[in-house]
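Participant: model the following, please.
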Amino acid sequence: MPNKNDLEQKEYRMLYARKYREKNRERDREKNLEYGRKYRAEHKDRIRELTRRWIRQNSVRNNELNVAERDRLKLAVFTHYAINGEIKCCKCGFNDLRALTIDHIDNNGAEERRRLFGHRMYAGTTFYRWLRKNNYPNNGYQILCANCNWIKKVEYNRCRK
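Facilitator: Numbers count the residues shown, from 1 in each chain. Here you go, the predicted structure:
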């Protein structure tokens, strides 16, 4: 059984360590990030192999994590483009996230995706990641439900003929 002095000393060491971590957090963070970048660059093949093995062994868990990440990403994008903090269709007010989409106001979505990704079919998660990476550009995007988006497409195609 440790005596009182040992416990006091242990508490003091824990307190000192906590204060040290708080004081040096930013410096250590940068050092750790740099170490991680260097390690990943030097061990690219090994990391790829381990990642593939983990995905094979944990396919169900990997799918769950991917779905959760896509949902978080979609929510972040739609929160940014929400009107007055409400995530809803800007035409009809529909608010079920499962049926909401990001619409290109100028009807140039396929052209933009071709320019950005080399193919017009890269939509959804790929496009949402691009929006996040580019700090959610404000011009040219709105939230529409699937119905309003489809109606807009049909009307646009009618006007073009």
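Participant: mind listing residues that contact stretch 114-133?
Facilitator: 70, 73-74, 76-77, 80, 102, 109-111, 113, 137, 141 (Cβ atoms under 8 Å, 6 or more residues apart in numbering). All C-beta spots, glycine's among them, are computed from the backbone N, C-alpha and C.
Participant: ugh, wrong one, I meant stretch 43-52
Facilitator: Here stretch 43-52 has contacts from R40, using Cβ under 8 Å, 6+ apart.
Participant: now do that stretch, average pLDDT.
Facilitator: The predicted model gives stretch 43-52 an average pLDDT of 96.
Participant: do stretch 17-37 as well
Facilitator: Mean predicted confidence for stretch 17-37 is 86.
Participant: can you give me the helices in this structure?
Facilitator: 4-23, 25-42, 44-57, 59-80, 109-117, 125-133, 146-160 (DSSP state H).
Participant: now G124: phi and psi?
Facilitator: Here is the backbone geometry of G124 (degrees, to the nearest 10): phi 60, psi -130.
Participant: that one: neighbouring residues, count only.
Facilitator: 13 (other Cβ atoms under 10 Å).
Participant: could you do the one 3 residues further on as well?
Facilitator: Using other Cβ under 10 Å, F127 has 20 other residues around it.
Participant: next, the buried residues of stretch 66-78.
Facilitator: 73-74, 77-78 (16 or more other Cβ atoms under 10 Å).
Participant: how about residues contacting that stretch?
Facilitator: 87, 97, 100, 102, 125, 128-129, 131-132, 136, 143.
Participant: next, format these as a markdown table and append pLDDT, neighbour count and distance to I55.
Facilitator: Shown next, in a markdown table, are those (pLDDT from 0 to 100; neighbours: other Cβ atoms under 10 Å; distance: Cβ to Cβ, whole Å):
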| residue | pLDDT | neighbour count | distance to I55 |
| --- | --- | --- | --- |
| I87 | 95 | 18 | 32 |
| L97 | 92 | 12 | 27 |
| L100 | 95 | 22 | 30 |
| I102 | 92 | 21 | 29 |
| T125 | 89 | 14 | 17 |
| Y128 | 92 | 19 | 22 |
| R129 | 93 | 14 | 19 |
| L131 | 92 | 17 | 26 |
| R132 | 94 | 13 | 23 |
| Y136 | 92 | 14 | 30 |
| I143 | 94 | 25 | 33 |
